[in-house]
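**Student:** Below is the structure, and that's it, no one-letter string:
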């Protein structure tokens, strides 16, 4: 039986991870901190390691690098979990952001155990001391943000995983009323997670802490995949895609552009009124691409338009619909790309948001 070493300092989360691993038919080996996990791995090399990042006595990244440096442990697959986005997370075989989805967690476990490719042993140079007197303050603030993310999202992850396990059990028993109640709990937990993520993103953006990871890609293919995801998610809404027939290549951070467009599409669905129609379009202009998201819903008043991208601004007449950070984050991410986010709207006639990204002369083919 394959042994899965789980390193997690939160007891409740450690137990639910172990329960899921054992339900998949594997043996769970528990460790409450990074140092204990390394000792257990040296004593009995596991078939897989699942580790939180922010732990006492050795972080998840430190555990990963210590294992990669030992020949007997270097090829052990490693799944890293974190509420933050630790530097070097791509070194892990799989990275999952907390709160962890039950199905995604199960797929990561089974996928990593099916394939155990050899891992090259990297070397990590000692970091150079910074001469910038501001650097200490920047690091301190980033550590605080990571701590906040960990302390809020770890119990949230435990609650969400337990709720998902409970939902499976009540669905098997055919208890529809109980299943609806658990599903309602999951929706509220997801709202909490979205709020926490937005607060952390807004804080990092305001301090210039967010770094993009642009890669050359076909924006048209990206939009076709994105619109299909929304069609599957909201089958009652008519999603129309225009202008994405031909390839459009440019460097962009897919994760962050997806974040911007998901916010705009979510708002279009939320405030789209009875029309239930959303249009996503792509157009080329000299030096840039223009992605628009249009709805035919309640629109935005002329008085609210100048401040719509400021923090804590909400849509007219919908004080309980959002936290007022989504458009601020979307606009800030557009600016990080060297682009912009703007809106045109008439109250009662819907709104059209335009995401513009820079396009080099050789980007279109």
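**Tutor:** Now that the structure is in, tell me what you want to look at. Predicted model only: the values in this text are computed from it and were never measured.
**Student:** Can you list the residue ranges for strands in the stretch 151-300 of the chain?
**Tutor:** 215-218, 238-242, 249-252, 277-285, 288-295 (DSSP state E, counting those that start in this stretch).
**Student:** residue ranges with poor pLDDT in this protein?
**Tutor:** 1, 115-150, 207, 312-324, 360-365 (pLDDT under 70).
**Student:** what residue is smack in the middle of it?
**Tutor:** residue 97 (6.3 Å; Cα atoms, centre = their mean).
**Student:** Mind listing the residues bridging to it?
**Tutor:** Beta-bridge partners of residue 97, counted by DSSP bridges, are residue 82.
**Student:** From what I see, it and residue 86 are in contact.
**Tutor:** No - contact criterion Cβ atoms under 8 Å: residue 97 and residue 86 do not qualify, at 10.7 Å. In short, each C-beta sits where N, CA and C put it, glycine included.
**Student:** do you know which of the strands of the stretch 151-300 of the chain lies nearest residue 112?
**Tutor:** Comparison of the strands of the stretch 151-300 of the chain against residue 112 by Cβ to Cβ identifies strand 215-218 as nearest, at 23.9 Å.
**Student:** Describe which strands the closest one pairs with in its sheet and in which direction.
**Tutor:** Under the criterion DSSP bridges, strand 215-218 sits next to strand 249-252 (antiparallel) in its sheet.
**Student:** Helix or strand for residue 6, just tell me which one.
**Tutor:** Residue 6 belongs to strand 3-7 when elements are defined using DSSP states H and E.
**Student:** again with residue 333
**Tutor:** helix 326-336.
**Student:** after that helix comes which helix or strand?
**Tutor:** strand 340-345.
**Student:** That next one: which residues count as buried?
**Tutor:** 340, 341, 342, 343, 345 (16 or more other Cβ atoms under 10 Å).
**Student:** Please apply the same query to stretch 241-259.
**Tutor:** Of all the residues in stretch 241-259, those buried under the rule 16+ other Cβ under 10 Å are 241, 243, 244, 248, 249, 250, 251, 252, 253, 256, 257, 259.
**Student:** Run a quick neighbour tally on residue 307.
**Tutor:** 11 (other Cβ atoms under 10 Å).
**Student:** go on, residue 180?
**Tutor:** 12.
**Student:** again, but for residue 191
**Tutor:** With other Cβ under 10 Å as criterion, residue 191 counts 12.
**Student:** can you tell me how far it sits from residue 171?
**Tutor:** 22 Å (Cβ to Cβ, to the nearest Å).
**Student:** and if you look at residue 237?
**Tutor:** Counting by Cβ to Cβ, the gap from residue 237 to residue 171 is 26 Å.
**Student:** what's the closest of the buried residues of stretch 241-259 to residue 13?
**Tutor:** Among the buried residues of stretch 241-259, and counting by Cβ to Cβ, the member closest to residue 13 is residue 259, at 25.6 Å.
**Student:** Just want the angle from the helix or strand residue 107 falls within to strand 3-7.
**Tutor:** Taking DSSP H and E as the criterion, residue 107 maps to helix 102-114. Counting by axes from the mean of the first three to the mean of the last three Cα atoms, to 10 degrees, helix 102-114 lies at 130 degrees to strand 3-7.
**Student:** Now do the buried residues in helix 102-114.
**Tutor:** Using 16+ other Cβ under 10 Å as the test for burial, helix 102-114 gives 102, 105, 108, 109, 112.
**Student:** With stretch 56-63 instead?
**Tutor:** Residues 58, 59, 60, 61, 62, 63 are the ones in stretch 56-63 that count as buried (16+ other Cβ under 10 Å).
**Student:** any chance of these in TSV, plus distance to residue 275 and secondary structure?
**Tutor:** Output for these, formatted as TSV (distance: Cβ to Cβ, whole Å; DSSP: H, G, I helix; E, B strand; the rest coil):
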residue	distance to residue 275	secondary structure
58	55	coil
59	49	coil
60	47	helix
61	48	helix
62	53	helix
63	52	helix
